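**Q** Okay, here's the prediction I keep looking at, along with the sequence it came from:
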Amino acid sequence: MKGRFTGLTDPGLIRTVNQDDYYIDPDGRFFIVADGMGGHAGGQEASQLAKEAIQTYLEQNWQSSATSEELLEQALYKANQAILQDQQSHPERSDMGTTVVVIMFRDTRPWFAHVGDSRLYRLRDAKLEQITEDHTWVARAMKAGDLTPQQAKIHPWRHVLSQCLGRKDLQQVDVQPIEVQTGDRLLLCTDGLTEELSDIAIASHLQPSFSGEQSASLLIEAAKEKGGRDNITVVVIEVDSLTQE
C-alpha cells in the first residue's frame, strides 16, 4: 500500500496513565491499535504485549505461505498467549486484558482483524462507515433488537466487553477482508474517541481537506473538548494506491 499515515495517542483529561498503544509499520504494511485494561500497570502491559506480539509475528511470517487471513488470526492468538503467559508470571496482573484492531496490506485484498471495541472506520466520498462490529454486551443487544442505538449510547453496560485479549476462553477473533480504493481514508481508534464523538463529528475531522496529521490532532482535541474521559488513540491512513512496492 502506498499512502500517508500518522498516529497519535493522548491520556485524555481524567486518566493519569495512558493504557493505549499503537504501531505503524514504516512501510505501510500493517497498523495496530490496542486499548488495555486491568489497572494502571496491567492495562499498559497488556496493550504493549499485544502490540509487540502482533508486530513480531507479522514481520517474521510476512513471506510465509499462510494466507493473509491465517496470518492475522494467528497473530492475534499469539498476542492472547503472550498476555496469558504474563498473567501467570505476574499474578498482580491476572485481570489485565486489551482490545485490539489491526489492518494489513499484504496483497491486493487488505484484511482486518479485531477483538473488543477498538474500531476501524472507512471514509469514502465524505461518507464514514464503521467497518468493525464491537464485541460488547450492548452491541449484541442492539443486534438482537433489545436496544436502540440511542439507548446503547447511554446504557450503564456499554463498556462491558464480550471478548478481549487476555482470556483463556477467547473465542471470537474477527478476521475479514475490506474493500479499499485510492482516495479512501481509514481510521483505527480506541473507544476514548468514539465515546466522546459521534460518527458525524468524526467524519467532519477526517475529511481530505485536512492532512492526516491535522485530522489526527483535530480528532483528539475534539474528544478532549467533549470531556476526554479516557485515553484516546487514533491512526489515520490516507490510501494513495494499493500497489505493492
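**A** Looks like it came in fine. Numbers count the residues shown, from 1 in each chain.

**Q** got the CA positions of stretch 200-214 in PDB?
**A** The C-alpha coordinates for stretch 200-214 follow below in PDB (Å, rounded to 0.1, in the frame of the first residue of the first chain):
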ATOM      1  CA  ILE A 200     -20.800  12.700  12.200                       C
ATOM      2  CA  ALA A 201     -18.200  14.600  14.200                       C
ATOM      3  CA  ILE A 202     -15.500  12.000  13.400                       C
ATOM      4  CA  ALA A 203     -16.300  12.300   9.700                       C
ATOM      5  CA  SER A 204     -16.100  16.100   9.800                       C
ATOM      6  CA  HIS A 205     -12.500  16.000  11.200                       C
ATOM      7  CA  LEU A 206     -11.400  13.200   8.800                       C
ATOM      8  CA  GLN A 207     -12.200  15.000   5.500                       C
ATOM      9  CA  PRO A 208      -9.500  15.200   2.900                       C
ATOM     10  CA  SER A 209      -9.400  19.000   3.200                       C
ATOM     11  CA  PHE A 210      -7.200  18.200   6.200                       C
ATOM     12  CA  SER A 211      -3.900  16.400   6.100                       C
ATOM     13  CA  GLY A 212      -3.700  13.100   8.000                       C
ATOM     14  CA  GLU A 213      -1.700  14.800  10.700                       C
ATOM     15  CA  GLN A 214      -4.300  17.600  11.100                       C
END
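
**Q** Now find how far off-centre it is within its chain.
**A** 18 Å (C-alpha atoms, centre = their mean, to the nearest Å).

**Q** Name the residues of that stretch that are buried.
**A** Of the residues in stretch 200-214, 201, 202, 203, 204, 205, 206, 210, 212 count as buried by neighbour count, 16 or more other C-beta atoms under 10 Å. Heads up, the C-betas are built off the backbone N, CA and C, glycines and all.

**Q** Between those residues, which sits nearest residue 24?
**A** The shortest approach to residue 24 among the buried residues of stretch 200-214 belongs to residue 212, at 11.0 Å (C-beta to C-beta).

**Q** The spatially most central residue of the chain: which element?
**A** Among the residues of the chain, residue 101 comes closest to the average C-alpha position under C-alpha atoms, centre = their mean, at 3.2 Å. Per DSSP states H and E: residue 101 is located in strand 97-104.

**Q** What is the nearest of the buried residues of stretch 200-214 to residue 178?
**A** residue 206 (16.4 Å).

**Q** does the closest one really touch residue 186, like I thought?
**A** No. Look at residue 206 against residue 186 with C-beta atoms under 8 Å: they stay out of range, at 9.4 Å.

**Q** Cool, thanks, signing off.
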